[in-house]
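Asks: output the structure for:
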Amino acid sequence: AYAVSGRNQSAWTTSNDFVSFVPTCASKQSVTINAAPANLSVFPSSTAVCAGTSASVTIGSSQSGVEYQLRRDDNDAALSSFVNGTGGNLTINTFNLSADVIVKVFARNTSTSCGLDLSNKVSVTISASPSIITQPNPSPPPVCEGSSASFTVSAAGTGLTYQWKKTGIDISGATGASYTIPSVTPSSAGTYTVQVTSACGASVTSNNAVLVIHEVPKIITQPTLSQTLCEGQSATFSVNAGTTTSPTYQWRYGMVPIGGANASTYTISSVSSSDAGNYDVVVSGSCFPSITSSGSILNVNRLPQITTQPAASQAACVGQGVTFIVNAGSTTTPTYQWRYNTVPIGGATSATYSIASAVLGDAGNYDVVVSGACSPSVTSNISALTVNASTVTITTQPVSSQNICEGSSASFSVTASGSSLAYQWK
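Replies: Got it, this is the predicted structure:
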């Protein structure tokens, strides 16, 4: 109901008329009562915003023909301009706020100017923007592959949330003040940051934290399983440690470290038989544990050699047997070829060569060529064979008898023909 100034401040309603409180007036006048805007719901009941930003207030099912304005509840100061209703939910933003405030909604009929304050109010709290107190370590110590790595931030603000990122990309599930990688891999290396957001939606991003990963010792190419070389040749062993961080090497022979053999390759410039055996390498790095390669077997073939020469010379009678012998020592896989006057003798391919029954034509120079798995071959000294004729003829026999006095001398003589004759009286 509304009071009419100067008319006893009496009130009237739609059931009364003007005459009812002005008895001296003989005429009647009609009074129209315009309906006020509907008292609609307002939400949210409370919200938090950052200082210097606006708060959003929504009127449920706003009315067409009604305009709405946000105001301070304590002094009716306008917090927004008037906004016309749409028939649906209507959201109005306050001016930028700097302090906590209770916001109410004033609704006014655009035709009649009838208005009212909607009963629901919104409590707006100003939240401080977040700030980082302690940054993540910008250069944490390198982490060995398989170990854990952690990042931590300390921040101030209201209702803080965290999102860790790698090279600017969100890390799923990394939403705490700390982030831990339980077992790093080479792909874990990179730049990490964290975005800290307060309840009001303001956010701040930390400084970069660069994670360096040291890779554990590894071998991606093993040494050759085995190699066979000749004495005097060079032998090389090599290994590939891949992406091992700061690799070091120690080659071993028979599991005993080789002095000075500390590179990814190890070379013996001229091998000897004593170098034959098993080699491996221990690869270490800035991380543990070390790793040992598979074994590499070195086989060393001995060069052809002659340790015992054939006899320098020998003589035989016609029909007698003759044998030539050579000793090739430790020659690897030795083969033999006997020669007569430098011409190979067919089938004479063993360490010995025998003539079962010598003839005069067998006389001459014999030698043997010793070959093996390695080169060059070696040729023995010459062995000279002399073959004597086997026929001995006595051309003059000793006297058949002789008489001499006791005490006198006695002589016997014989004349014979043949080669290289020797005599034995009996």
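Asks: so what touches stretch 238-258?
Replies: With CB atoms under 8 Å, 6 or more residues apart in numbering as the test, stretch 238-258 has contacts from 142, 186, 214-224, 237, 261-266, 275, 277-287, 293. Just so you know, the C-beta spots here come from the backbone N, C-alpha and C atoms, and that holds for glycine as well.
Asks: where are the low-confidence patches of the stretch 301-426 of the chain?
Replies: The stretch 301-426 of the chain contains residues with pLDDT under 70 at 391, 418-420.
Asks: returning to what we had before: if any of the contacts of stretch 238-258 are buried, put those into a PyMOL selection.
Replies: What follows is the PyMOL syntax for the buried subset of the contacts of stretch 238-258, where burial is set by 16 or more other CB atoms under 10 Å:
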select buried, resi 214+215+216+217+219+223+224+237+261+264+266+275+279+280+281+282+283+284+285+287+293
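Asks: how much space between the closest residue to Leu118 other than its chain neighbours and Ser123?
Replies: Nearest residue to Leu118, sequence neighbours excluded (CB to CB, 6 or more residues apart in numbering): Val105, at 4.3 Å. Distance from Val105 to Ser123, counting by CB to CB, to the nearest Å: 13 Å.
Asks: also Ser80?
Replies: Taken as CB to CB, the span from Ser80 to Ser123 is 17 Å.
Asks: and Thr91, what does it touch?
Replies: Applying CB under 8 Å, 6+ apart, the residues near Thr91 are Ser56, Val57, Thr58, Ile59.
Asks: so who does the third one touch?
Replies: When contacts are counted by CB under 8 Å, 6+ apart, Thr58 is found next to Val42, Phe43, Pro44, Asn89, Leu90, Thr91, Ile92.
Asks: excluding covalently adjacent residues, which one is nearest to it?
Replies: Nearest non-adjacent residue to Thr58, counting by CB to CB, 6+ apart: Thr91, 4.5 Å away.
Asks: swap in Pro142?
Replies: Counting by CB to CB, 6+ apart, the residue nearest Pro142 is Val212, at 4.2 Å.
Asks: the stretch 1-150 of the chain: strands as residue ranges?
Replies: 2-3, 11-12, 42-43, 46-50, 56-59, 66-72, 83-84, 90-93, 101-109, 115-117, 122-127, 131-134, 143-144, 149-152 (DSSP state E, counting those that start in this stretch).
Asks: want to throw those into TSV with distance to Ala174 and mean pLDDT?
Replies: Below are these laid out as TSV (distance: least, CB to CB, whole Å; pLDDT from 0 to 100):
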stretch	distance to Ala174	mean pLDDT
strand 2-3	64	46
strand 11-12	68	49
strand 42-43	33	98
strand 46-50	24	89
strand 56-59	30	98
strand 66-72	39	98
strand 83-84	41	98
strand 90-93	33	98
strand 101-109	36	97
strand 115-117	47	96
strand 122-127	23	92
strand 131-134	16	97
strand 143-144	17	98
strand 149-152	9	98
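Asks: could those go into TSV alongside distance to Glu406?
Replies: Formatted as TSV, the strands of the stretch 1-150 of the chain follow (distance: least, CB to CB, whole Å):
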stretch	distance to Glu406
strand 2-3	202
strand 11-12	206
strand 42-43	171
strand 46-50	161
strand 56-59	168
strand 66-72	177
strand 83-84	178
strand 90-93	170
strand 101-109	173
strand 115-117	185
strand 122-127	160
strand 131-134	142
strand 143-144	118
strand 149-152	128
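Asks: right, and these - which one's nearest Gly321?
Replies: strand 143-144 (78.8 Å; CB to CB).
Asks: centre-most residue in this protein?
Replies: Thr243 (5.3 Å; CA atoms, centre = their mean).
Asks: ok but that one is inside a strand, no?
Replies: No: using DSSP: H, G, I helix; E, B strand; the rest coil, the assignment for Thr243 is coil, not a strand.
Asks: distance between the ends of stretch 178-197?
Replies: Counting by CA to CA, to the nearest Å, you get 15 Å between the two ends of stretch 178-197.
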